[in-house]
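Colleague: got a predicted model here, sequence first, then my questions.
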Number of protein chains: 2
Amino acid sequence: MSTATVSRYFNAPDVVAQATAARIRDVVERTGYVPNLLAGGLASSRTKLIAVAVPRFSQPLFASTIQAIADALANAGYGVLLGLTGSSDQHAEGQLVSIVGRRPDGIVLAGTSLSSDARKWLRNSGVSVIEIWDLPRDPIDLVVGFSHIRVGQAIARHVLNSGRRKAFMISADGARARERRAGFIRALRSGGAPDPVVAAFTGGATTYRDGRSALALHLESGRDPDVVVCSSDWSAHGAMDELRARGRRVPEDVAVIGFGDLDFASELVPTLTTVKIDGEAIGRKALAFLSLRSEGKRIQQSVIDIGFSLIVRESG
Amino acid sequence: MSTATVSRYFNAPDVVAQATAARIRDVVERTGYVPNLLAGGLASSRTKLIAVAVPRFSQPLFASTIQAIADALANAGYGVLLGLTGSSDQHAEGQLVSIVGRRPDGIVLAGTSLSSDARKWLRNSGVSVIEIWDLPRDPIDLVVGFSHIRVGQAIARHVLNSGRRKAFMISADGARARERRAGFIRALRSGGAPDPVVAAFTGGATTYRDGRSALALHLESGRDPDVVVCSSDWSAHGAMDELRARGRRVPEDVAVIGFGDLDFASELVPTLTTVKIDGEAIGRKALAFLSLRSEGKRIQQSVIDIGFSLIVRESG
DNA sequence: CTGAAAGCGCTTACAG
DNA sequence: CTGAAAGCGCTTACAG
């Protein structure tokens, strides 16, 4: 029997005669043969491999989105190549080179900011790139994201509508958190409220610890905010605990707003007002992009804004 | 210039003449050429690819360990293939087949329980397998882990030494959490304490929500534990919050013990007593295994127990 | 429905 | 230090 027929058995079973298929199946079971996908990818120039690049494994805010994407990919028969781009810009570009070397059918880029040289190089590499979780001004290729500026504005409008004006922000120092911050401040201003005090933390999402310590410092400096806006649900949780420890009531004295709608947000006492991103929707759209590309179809709308939802709960 | 020389430039630069290297470098820069690692892997039968299989992206307790392993691998020039084995046993084996198809130089298996057929098949696949985070009785190949039974026993001894006897356990329902539970109960018994009441939760690590709800139910049923032992720091956090909400003092009335030593454990009020696993040590050992294998060296000690530390803080 | 043959882009002894 | 040539294990028109 020829290797061609075995190849067809795996890739287009319906084209192989029943009897032939049975013989192949039998040998495969006995020997535990697994087709070499390297050779297959090389020969067909379709690797069924998608790279997913994130700053850190389980950048916590991305986690559910990445999980959704990876599940969708696995179900569609793709392998997932993980790229950790966090350590440094140089490191990120090294990762990307090593990823492109494996000729994935696509690269999903989450929360990674690249130099414009790197962006140009990626564009020329010929592999499909899907940037998620943001709406870049100069997309490399495909985009599934949302506007962080608008998130900040939406939070500000909600704050103003609740009659609060003295905001304290606990914010990460990444590009996206900064955009949310800018949107928030701009909208506060146009609502006539004073600029918030901002505590900025470097290094990924703000943590429970960040929330506690930022709030401790802020209150000790004699400030008295009526709303605390946090760049993650964790720091919001920490902020709430610190507020309570210092005798402030939430939401009577001060509101607390998070970001991410993590599993515990609805379980805190009081339950946490926050912003929810639909990770599964991102995964679905990304997969749809890849399908179109693999069928060689033209993509008319290459930027998809999936939006976000402000979930108002008890905390403010 | 022959492809052989270019290949040497990338894989053994020192063997190429300066002038030749310069010419190659020049062309590479101008064209953005990236060697095809599929072809390279096929030709050399070393893929520089390591698969990492975990139940879910960011199974939270594994996160820092996986991050450490992935960093170590990336620094050593390996690509990381991600396998999500969580959905179901069948799904896990499908993932493994698809992983083996890419001929990785090794597979790191974390928190995945496989049927004995699957284990046998993997053993015969010829790829190096490193099981981490556990000490399986019948290892597939290499192991870097610790004894969950001994973790449970260590917690029990600490509890007994603190003079506490009425334990409530909040436990996940996975194989490892069950072992910790068994070790805990066994050691409690041999210390003369009554068996604890156990609240078991299916599906990965126990969450903040699990901790709150389990404790609410337990207290409402009229019980009055003097120690709460949790299978994750999250559920311990939830338990502490619920205890406080119901007027119990920690640790005066009841101690709380977690698992994982996550970033917030030292930041809670009171700070959380918990168990710490050294993820970086696991990563280092795993990489050392891979190096030995790639050099074709014999591995004398194929099972490494990296142990754990009980970190006693204010909560009990 | 099946096979012979060329080719995918590298690596690696083997010569030189 | 460099090149010619075989080979890695598949896929894919092309015949039949």
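Modeller: It's in.

Colleague: so what's the residue count around A:A177?
Modeller: Neighbourhood size, A:A177 [other CB atoms under 10 Å in any protein chain shown]: 26. Backbone N, C-alpha and C define where each C-beta goes, glycine included.

Colleague: in stretch A:111-119, what counts as buried?
Modeller: A:111-114, A:118-119 (16 or more other CB atoms under 10 Å in any protein chain shown).

Colleague: brain fart, stretch A:236-254
Modeller: Quick answer for stretch A:236-254 (16+ other CB under 10 Å): A:236-243, A:248, A:250-251, A:254.

Colleague: and the contacts of whichever helix or strand A:L81 is part of?
Modeller: If you go by DSSP states H and E, A:L81 is part of strand A:79-84. Applying CB atoms under 8 Å, 6 or more residues apart in numbering or on different chains, the external contacts of strand A:79-84 come out as A:37, A:47-57, A:70, A:73-74, A:95-96, A:98-99, A:102, A:104, A:107, B:52, B:67, B:70-71, B:74, B:79-84, B:98-99, B:102.

Colleague: make TSV from the buried residues of stretch A:111-119 and add pLDDT and secondary structure to it.
Modeller: Below are the buried residues of stretch A:111-119 laid out as TSV (pLDDT from 0 to 100; DSSP: H, G, I helix; E, B strand; the rest coil):
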residue	pLDDT	secondary structure
A:G111	86	coil
A:T112	85	coil
A:S113	82	coil
A:L114	88	coil
A:A118	90	helix
A:R119	92	helix
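
Colleague: go through those residues and say which is closest to B:R212.
Modeller: A:G111 (30.3 Å; CB to CB).

Colleague: rewinding a little: which ones among the buried residues of stretch A:236-254 are found in helices?
Modeller: A:236-243 (DSSP state H).

Colleague: pLDDT at the most centrally placed residue in chain A, what is it?
Modeller: Closest residue to the average C-alpha location of chain A: A:F62 at 3.8 Å, with CA atoms, centre = their mean. Looking at A:F62, its pLDDT is 87.

Colleague: go on, A:S128?
Modeller: 95.

Colleague: quick revisit: is the strand holding A:L81 anywhere near DNA strand D?
Modeller: No - Strand A:79-84 is not in contact with DNA strand D by CB under 7 Å from any atom of the strand; minimum separation 14.0 Å.

Colleague: taking strand B:79-84 as reference, get the angle to that strand.
Modeller: Counting by axes from the mean of the first three to the mean of the last three CA atoms, to 10 degrees, strand A:79-84 points 120 degrees away from the direction of strand B:79-84.

Colleague: list the buried residues in the very next helix or strand once past strand A:79-84.
Modeller: Following strand A:79-84 in sequence order, the next helix or strand is helix A:89-101 (DSSP H and E). Residues of helix A:89-101 classed as buried: A:92-96, A:98-101 (neighbour count, 16+ other CB under 10 Å).

Colleague: quick check, nearest of the buried residues of stretch A:111-119 to chain B?
Modeller: A:A118 (11.0 Å; CB to the nearest CB).

Colleague: dump the residue contacts of that closest one.
Modeller: A:92-93, A:96.

Colleague: so how far is the helix or strand harbouring A:L122 from its chain's centroid?
Modeller: A:L122 is part of helix A:116-125 when elements are defined by DSSP H and E. Relative to its parent chain, helix A:116-125 has a centroid offset of 21 Å by CA atoms, centre = their mean, to the nearest Å.

Colleague: what's the spacing between A:V15 and A:V27?
Modeller: 18 Å (CB to CB, to the nearest Å).

Colleague: can you check A:V144 too?
Modeller: In terms of CB to CB, A:V144 sits 43 Å off from A:V27.

Colleague: contacting residues around A:R284?
Modeller: Going by CB under 8 Å, 6+ apart, A:R284 touches A:A72.

Colleague: how about the helix or strand where it lies against DNA strand D, any contact?
Modeller: Counting by DSSP H and E, the element that carries A:R284 is helix A:279-294. No - remark: helix A:279-294 sits outside contact range of DNA strand D, by CB under 7 Å from any atom of the strand, the gap being at least 11.3 Å.

Colleague: what is the subsequent helix or strand relative to that helix?
Modeller: strand A:303-305.

Colleague: that following strand: partners in the sheet, and parallel or antiparallel?
Modeller: strand A:142-145 (parallel) (DSSP bridges).

Colleague: which residues touch the helix or strand just after the partner strand?
Modeller: Following strand A:142-145 in sequence order, the next helix or strand is helix A:148-161 (DSSP H and E). Outside helix A:148-161, the residues that touch it by CB under 8 Å, 6+ apart are A:134-135, A:165, A:167, A:176-177, A:179-188, A:191, A:193, A:227, A:229, A:255, A:257, A:259, A:273, A:275, A:308, A:310, A:312, A:316.

Colleague: low pLDDT regions in the stretch 51-200 of chain A?
Modeller: A:87 (pLDDT under 70).

Colleague: what residues does it put near DNA strand C?
Modeller: So the stretch 51-200 of chain A never meets DNA strand C (CB under 7 Å from any atom of the strand).

Colleague: what do you get for the stretch 201-316 of chain A?
Modeller: Near DNA strand C, when you scan the stretch 201-316 of chain A using CB under 7 Å from any atom of the strand, you find nothing.

Colleague: for chain B, what are the nearby residues on the stretch 201-316 of chain A?
Modeller: By CB under 8 Å from any CB of the partner chain, the residues of the stretch 201-316 of chain A that approach chain B are A:207-209, A:212, A:234, A:238, A:241, A:245, A:263-264, A:267-269.

Colleague: give the PyMOL command for selecting the buried subset of those.
Modeller: For the buried members of those, the matching PyMOL selection, counting by 16+ other CB under 10 Å, is:
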select buried, chain A and resi 207+208+209+212+234+238+241+264+267+268
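
Colleague: out of the residues of the stretch 201-316 of chain A next to chain B, who's nearest B:L287?
Modeller: Among those, and counting by CB to CB, the member closest to B:L287 is A:T207, at 27.7 Å.

Colleague: test my guess that the closest one contacts B:L262.
Modeller: No - applying CB atoms under 8 Å as the test, A:T207 and B:L262 come out as separate, 9.5 Å apart.

Colleague: tell me the contacts of the residue nearest to the centre of chain A?
Modeller: A:54, A:110-111, A:133.

Colleague: go on, A:M1?
Modeller: So A:M1 contacts A:20, A:23-24 (CB under 8 Å, 6+ apart).

Colleague: now do the end-to-end distance for stretch A:38-57.
Modeller: Start-to-end span of stretch A:38-57 (CA to CA, to the nearest Å) is 26 Å.

Colleague: chain neighbours aside, what residue packs nearest to A:L290?
Modeller: Computed as CB to CB, 6 or more residues apart in numbering or on different chains, the closest residue to A:L290 that is not its neighbour in sequence is A:G106, at 5.0 Å.

Colleague: could you do A:F289 as well?
Modeller: A:L142 (5.0 Å).

Colleague: what's the answer for A:R212, then?
Modeller: A:R212's closest residue in space is A:G238 (CB to CB, 6+ apart), at 4.0 Å.

Colleague: how about A:R209?
Modeller: Here the residue nearest A:R209, using CB to CB, 6+ apart, is B:E267, at 4.3 Å.

Colleague: same check, this time on A:P251
Modeller: A:G316 is the one closest to A:P251 (CB to CB, 6+ apart), at 4.2 Å.

Colleague: quick one: A:S221 and B:R23, what's the gap?
Modeller: Following CB to CB, the distance that separates A:S221 from B:R23 is 62 Å.

Colleague: no wait, A:R178
Modeller: A:R178 is 44 Å from B:R23, by CB to CB.

Colleague: repeat for A:R102
Modeller: 26 Å.

Colleague: kindly report the same for A:D210.
Modeller: From A:D210 to B:R23 the distance is 51 Å (CB to CB).

Colleague: neighbour-wise, which of the two wins?
Modeller: Between A:D210 and B:R23, A:D210 has the larger neighbour count (other CB under 10 Å), namely 27 against 16.

Colleague: no further questions, thank you.
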